[in-house]
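Chemist: Structure for this input, please:
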Amino acid sequence: MSEADLAALAATAQAHVDAGQLADAQAAYRAALAIAPDNAAIMHNLGAIAAMRGEYRDAITLFDGVIGREPRAVPAHYNRALAILSLGQRRAAIEGLSRVCALKPEHYDAHRTLGFLWLAESNRGRALDHFARTYELRRGDDRSNLAGKSLTHATRDKLCHDAAQFHFLAQRARNGQRFTALARTHENVAEEFPETLEKLSDRQLGRLGDDYNCPINLRAAPEVSGRAVSERADLDALVRGFRAGKSGAVYCDNLLTPEALARLRAFLLESTIWHDFSHIGGFVASYLEDGLACPLILQIADEIRGTFAELLRDHPLSQAWAFKGLKPASAIDVHADDGAISVNFWVTPKEANLKPDRGGLVVSLVPPPADWEMGDYKADQKRIVVFLEQKPHDRLRVPYRDNRAVLFESRLFHWSDTPEFAPGYENHRINLTFLYGRHGSQLGRPAVS
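Modeler: Next up, the predicted model:
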């Protein structure tokens, strides 16, 4: 067959991949490989298809064939490591991903995955190194387009939030004049900016500066000596309560030690890490790979897993985020998390909550059907509401308190319980969620090239 015939087979295979027809794609790539058995690109794509179909050992063999021909083939090394990870071989996957980073230091997905894998090994120092690298690749001197629109777009709420934070910092930092100037600039741009997500003009970006929505100020948050998560005399009762029903959900107070809570509050108030402003209206957010990772938060995540080992031993951390409501009544609508067990807790002082018996979280204790596949936050809303209307009574309502944590099965639908918080920067409602239980979508997926 000619080169044109080979190209046609490869194009047919790619069309099948795009259509989700993996078996047909696999057949087309096998036919192409039979024609060109030394073609590393076809071999790699056939390996990626095998991995997508769960045929991990076959995929590894194919990736090995690629690497044997092209030792520096980064996609093959990366996809091989993911396949090894899917077989449960965490340390071998770490070795493979470390090789990817050595070959290509700017490989964002490899650094991100290594951050979570090292944390699963309780090696917080190495985990932090990789999360620091993802942050640098997103918003540091080496940044490219990983942060997307967040560096060139804004909303009025985002600009006003950042201005308020700069005013807050101006009262506490040595270079207060700089923060005052930043605050005024953001306020001026906000006055002329719409409430909706829009692109900043060149003039507006010039006024905001090259470090717009970047880490202008990072408050140090080292680990606390001793423990960050409180010892719990009620641990056995909490575990029994979690396991007592058809689905698990419990809450407890005093999650963190006083020192850890104070240090965490300072980090979240003073660090300019609130980069995500388009995921959910009325909120800004931060994620481990995009500024949230610090020694203290990784200590907390690790110690929560150790404290609740009976529930979390088999579920390493797969993501963590912090959300901050920008309006007194900012609320997150009903949704489920893509994990095994979620741990949600609050840090804003309870005095900011104007409804002491509300403002926290509601968790539906009726799990969705096992075959219910989640789409995304917005796409699932109507369907979930209909489901909950049929199950109106079996719910856990958790009133807001700072340092109160809710542990629940991630698949359970949950939502904010009608918050009403006092206005002002320090009164913004901040919640953190640690998601335990890994999924392929969070660690990276093989892809044809």
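
Chemist: Let me see the ranges of the helices in the stretch 151-300 of the chain.
Modeler: Along the stretch 151-300 of the chain, counting by DSSP state H, counting those that start in this stretch, helices occupy 156-170, 176-191, 202-208, 235-244, 258-270, 295-307.

Chemist: Could you give the average pLDDT over the longest one?
Modeler: Averaged across helix 176-191, the pLDDT comes to 97.

Chemist: quick revisit: which of the helices of the stretch 151-300 of the chain sits closest to Arg30?
Modeler: helix 295-307 (42.7 Å; CB to CB). To be clear about C-beta, it is placed using only N, CA and C from the backbone, and glycine gets the same treatment.

Chemist: just checking, what packs against the following helix or strand past the closest one?
Modeler: Per DSSP states H and E, the first helix or strand lying C-terminal to helix 295-307 is helix 309-312. Judged by 3 or more CB pairs under 8 Å, 6 or more residues apart in numbering; DSSP states H and E, helix 309-312 is in contact with helix 235-244.

Chemist: Check which residues of the helix it packs on are buried.
Modeler: By neighbour count on 16 or more other CB atoms under 10 Å, the buried set for helix 235-244 is 238-239, 241-242.

Chemist: Could I get those residues in CSV, plus columns for distance to Asp141 and pLDDT?
Modeler: As requested, these are arranged in CSV below (distance: CB to CB, whole Å; pLDDT from 0 to 100):
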residue, distance to Asp141, pLDDT
Leu238, 45, 97
Val239, 47, 97
Gly241, 49, 96
Phe242, 45, 96
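
Chemist: returning to what we had before: for Ala51, find the nearest of the helices of the stretch 151-300 of the chain.
Modeler: Of the helices of the stretch 151-300 of the chain, nearest to Ala51 by CB to CB is helix 295-307, at 27.9 Å.

Chemist: Tell me what angle the closest one forms with helix 235-244.
Modeler: 70 degrees (axes from the mean of the first three to the mean of the last three CA atoms, to 10 degrees).

Chemist: For helix 295-307, which residues meet the burial criterion?
Modeler: Neighbour counts over helix 295-307 (16+ other CB under 10 Å) mark 295-305, 307 as buried.

Chemist: Please export the C-alpha coordinates of it as PDB.
Modeler: C-alpha atoms of helix 295-307 as PDB (Å, rounded to 0.1, in the frame of the first residue of the first chain):
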ATOM      1  CA  PRO A 295       2.700  23.400  53.300                       C
ATOM      2  CA  LEU A 296      -0.100  23.900  55.800                       C
ATOM      3  CA  ILE A 297      -2.900  22.800  53.400                       C
ATOM      4  CA  LEU A 298      -1.100  19.700  52.300                       C
ATOM      5  CA  GLN A 299      -0.500  18.900  56.000                       C
ATOM      6  CA  ILE A 300      -4.200  19.300  56.700                       C
ATOM      7  CA  ALA A 301      -5.200  17.100  53.800                       C
ATOM      8  CA  ASP A 302      -2.700  14.400  54.800                       C
ATOM      9  CA  GLU A 303      -3.700  14.500  58.500                       C
ATOM     10  CA  ILE A 304      -7.500  14.400  57.600                       C
ATOM     11  CA  ARG A 305      -6.800  11.200  55.700                       C
ATOM     12  CA  GLY A 306      -4.800   9.800  58.600                       C
ATOM     13  CA  THR A 307      -7.300  10.800  61.200                       C
END
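
Chemist: angle of it against helix 258-270?
Modeler: When the same axes, to 10 degrees is applied, the directions of helix 295-307 and helix 258-270 differ by 130 degrees.

Chemist: how far out from the middle of the chain is helix 295-307?
Modeler: Distance of helix 295-307 from its chain centroid, counting by CA atoms, centre = their mean, to the nearest Å, is 16 Å.

Chemist: Equivalent analysis for stretch 202-222, please.
Modeler: Distance, stretch centre to chain centre, for stretch 202-222: 21 Å (CA atoms, centre = their mean).

Chemist: start the count at 113, not 1, going forward
Modeler: Done: numbering now begins at 113, and the last item shifts to stretch 314-334.

Chemist: Compute the first-to-last residue distance for that stretch.
Modeler: One end of stretch 314-334 sits 38 Å from the other (CA to CA, to the nearest Å).

Chemist: If you count neighbours, what's buried in it?
Modeler: Neighbour counts over stretch 314-334 (16+ other CB under 10 Å) mark 316-317, 320, 324-329, 331, 333 as buried.

Chemist: now do stretch 373-386
Modeler: 373, 375-377, 379-386.

Chemist: Now do that stretch, average pLDDT.
Modeler: On average, the pLDDT along stretch 373-386 is 98.

Chemist: what sits up against that stretch?
Modeler: With contact meaning CB atoms under 8 Å, 6 or more residues apart in numbering, stretch 373-386 is reached by 273-274, 277, 280-281, 284, 326-334, 336, 368, 396-398, 402-404, 406, 408-409, 412, 434, 436, 459-460, 514-515, 537-538, 542.

Chemist: What separation is there between the closest residue in space to Leu281 that isn't next to it in sequence and Gln277?
Modeler: Computed as CB to CB, 6 or more residues apart in numbering, the closest residue to Leu281 that is not its neighbour in sequence is Phe291, at 4.4 Å. From Phe291 over to Gln277 the distance is 9 Å, taken as CB to CB, to the nearest Å.

Chemist: Arg238 too?
Modeler: Look at Arg238 and Gln277: by CB to CB, they are 31 Å apart.

Chemist: dump the residue contacts of Leu174.
Modeler: Leu174 is in contact with 155-156, 158-159, 162, counting by CB under 8 Å, 6+ apart.
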